[in-house]
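1. Pasting a predicted model and its sequence here:
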Amino acid sequence: MRTPFAIAVGLVLAGAPAGRVAVAADVAPAMMPAPVATASAAPATASAAAKAPLTPASTETPPARTRAAATPVAATAPASAPRPVPVVKPTVAKSQPPAGVLREPAPRPVTDVRVQSRFAVKAKSAQLFGAAEYLSRGDFYNSPGARVGAAYYPVESIGLELQIAHYWSSLNAEGERIKKVFGLLPDSHAPAWMFLLGGRYSIGYGKLMLGGLGGAIHFEPQAFIHAGLHAHDGDVGPSADAGLGLLVFLTPKVFARIDAAIVYEREDRSGGPVNVWGTVPSLGVGGTL
């Protein structure tokens, strides 16, 4: 049974144009109270709605509201999926070396020997030398002298040598005064000759750069010891010396020698045999054969 509101709407629609009838028909059911339907009636209602004839479309252009309602939901463009945000990796700026500095160190040469070869070689060679020296024993004599010798080096660091020294001895000022005042002479013997045989050992090897010479000086510190005989103003007895020296190479074949030795001699004097000690500084030059 229709309600009074539905009858009134129907009368209004009767006088409306034909093109608006479909809209009114759609609106009217929406305003009608919904009937109470059971669960069993739901399928029947759905099948009846499927078999209902379609209302012919009007020739007039429906309003925008009607077109929007008639547009199927499927036509709506799907929402676009969010684009993945690219991951930007942080870049670390490499520090640049300062100007003038090599980017990579130069490779070191591969070698087994990193020590410079010797400037002069002594092994299996002989040396000849001459030197000027002074013998001081505290015996009232001035004893300048000269020494000559030869050395042979079977190995680089050890040499065997023979030396002969001669002294031109004379009374010093105190000896001359005693001779004039008392007419006496010292009971010591004036040094004359010395014959020594011994060895020399090279402790090390080095070189030194000195400004103005235009090159390096090559040298060897040495230690030596000798033993032999002396012949001093008619007295013959044992003699020996030991000390330190410096062998300086001016060229590979020419050298200079600086020696400082302590000398021991045993003499026969008026009171009997006496042990005499003295010093001998020496400066010489020589060459390698």
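-> Yes, it's here.
2. Low-confidence ranges, the stretch 1-150 of the chain, go.
-> 1-82, 84-117 (pLDDT under 70).
3. Swap in 90 and give it another go.
-> Applying pLDDT under 90 to the stretch 1-150 of the chain flags residues 1-121, 138-139.
4. Just to be sure, residue 149 is in a strand?
-> Yes - under DSSP: H, G, I helix; E, B strand; the rest coil, residue 149 sits within a strand.
5. That one and residue 163 touch, don't they?
-> Yes - if you go by Cβ atoms under 8 Å, residue 149 and residue 163 touch, sitting 3.7 Å apart. Quick note: C-beta positions are derived from backbone N, CA and C, even for glycine.
6. Which stretches in the stretch 51-200 of the chain count as strands?
-> Using DSSP state E, counting those that start in this stretch, the strands found in the stretch 51-200 of the chain span residues 125-135, 141-153, 158-167, 170-171, 193-202.
7. what angle sits between the last one and strand 141-153?
-> Counting by axes from the mean of the first three to the mean of the last three Cα atoms, to 10 degrees, strand 193-202 lies at 50 degrees to strand 141-153.
8. Could you list every helix and strand in contact with strand 193-202?
-> Secondary-structure packing of strand 193-202 (3 or more Cβ pairs under 8 Å, 6 or more residues apart in numbering; DSSP states H and E): strand 158-167, strand 215-232, strand 235-249.
9. could you dump the last one to CSV, C-alpha only?
-> If I follow you right, that is strand 235-249. Output in CSV follows, covering the C-alpha atoms of strand 235-249 (Å, rounded to 0.1, in the frame of the first residue of the first chain):
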residue,chain,number,x,y,z
ASP,A,235,174.2,-0.9,23.8
VAL,A,236,172.1,-3.6,22.2
GLY,A,237,168.9,-4.8,23.9
PRO,A,238,165.3,-5.7,23.4
SER,A,239,162.8,-3.1,22.2
ALA,A,240,159.0,-3.0,21.5
ASP,A,241,156.3,-0.6,20.8
ALA,A,242,152.5,-0.6,20.6
GLY,A,243,149.9,2.1,19.7
LEU,A,244,147.2,3.4,17.5
GLY,A,245,147.4,4.8,14.0
LEU,A,246,145.3,6.3,11.3
LEU,A,247,145.8,5.2,7.7
VAL,A,248,144.4,7.9,5.3
PHE,A,249,144.0,7.1,1.6
